[in-house]
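**Q** dropping the sequence and predicted coords here.
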Amino acid sequence: MSWLVFALVFWIGAWALNTWLANSPWRALLVVRVLIPVLFGVTLIVLWEGIVRGFGVSPVILPAPSTVAQTFAASTDILWEDFQQTVLKGALSGFVMGVLAAFATAILIDRSSFLTQGLLPIGNFVAALPIVGIAPILVSWFGFDWHSKAAVVVVMAFFPILVNTVQGLRETDAMQRDLMRTYAASYFDTLLKLRLPAALPFVFNGLKIATTLALIGAIVAEYFGSPTRGMGFRISTGVGSLSIDLVWAEIAVSAMAGTAFYGLVAWVEKRVTFWHPSHRGHG
């Protein structure tokens, strides 16, 4: 039980330190804003380790973080291959194609009231379809390799970006558009210089939603057919063979990739939409 006692003491100490940092005069500093969630995450890992070791939990049910770390270090070649297959080929390629298709469709909808009334309701309907129903159909259409996973990601990323972009393009008011017309601005001049900049906060909101959906879609799609590589394939076979430590290693890779992907989009958003009220007062 010594591990459990150590974990509880560490948790109490870290909680007190986090509370002090959150209320300290330095809480606005970047290093403090980063340290607080990192310390909280380390606390959860230490508590997890202490509970597993203290209560003797079977590794088949829940492996300790130290065991997962050992498996991670010993399986980097497998994890890298799975990362390439699922993230780089499936999720990232599907995300890019979904973004481009959503932007092009948003422009068409913006120029056509018929498409606004006809396509958006269909889009909301398709977006509500469960991935477990879409994935096997697309796998049967596009095959077992990464192409079918990219197709699933396109479907999942397309509609959040489309709906947010269309909504953002409507943010400018009539007076602003009339002013552009007095300057003899064409539709595309108004789009590029007025409406698209105003829509950027909505666009990035859709992009951030799509980043999480992209990785989830690629992994889940691999459950319905995949070559002998990929995160979803490895998680499925790992659960079947009771290699739970490898499953958790794959989950760790997925979590890190998803966090990095989301963080990159959020970083770009902050640099591009620095003028927006939501970013004022932040360093």
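**A** Thanks, I have the structure now.
**Q** could you use CA atoms for every contact and neighbour count after this?
**A** Noted.
**Q** show me how far stretch 125-133 is from its chain's centre.
**A** Relative to its chain's centre, stretch 125-133 lies at 18 Å (C-alpha atoms, centre = their mean, to the nearest Å).
**Q** now swap in stretch 35-47 and tell me
**A** So, by C-alpha atoms, centre = their mean, the centroid of stretch 35-47 is 21 Å from its chain's centroid.
**Q** same check, this time on stretch 238-250
**A** 22 Å.
**Q** tell me the buried residues in it?
**A** Buried residues in stretch 238-250, counting neighbours by 16 or more other C-alpha atoms under 10 Å, are found at 238, 243, 244, 245, 246, 247, 248, 249, 250.
**Q** got the CA positions of that stretch in PDB?
**A** The C-alpha coordinates for stretch 238-250 follow below in PDB (Å, rounded to 0.1, in the frame of the first residue of the first chain):
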ATOM      1  CA  GLY A 238      -4.800  -5.900 -28.900                       C
ATOM      2  CA  VAL A 239      -8.100  -6.100 -27.000                       C
ATOM      3  CA  GLY A 240      -8.700  -9.500 -28.600                       C
ATOM      4  CA  SER A 241      -5.200 -10.800 -27.500                       C
ATOM      5  CA  LEU A 242      -5.400  -9.100 -24.100                       C
ATOM      6  CA  SER A 243      -2.400  -6.900 -25.000                       C
ATOM      7  CA  ILE A 244      -3.900  -4.100 -23.000                       C
ATOM      8  CA  ASP A 245      -0.600  -2.300 -22.500                       C
ATOM      9  CA  LEU A 246      -0.200  -2.000 -26.300                       C
ATOM     10  CA  VAL A 247      -3.700  -0.700 -26.500                       C
ATOM     11  CA  TRP A 248      -3.000   2.000 -24.000                       C
ATOM     12  CA  ALA A 249       0.200   2.900 -25.900                       C
ATOM     13  CA  GLU A 250      -1.800   3.300 -29.000                       C
END
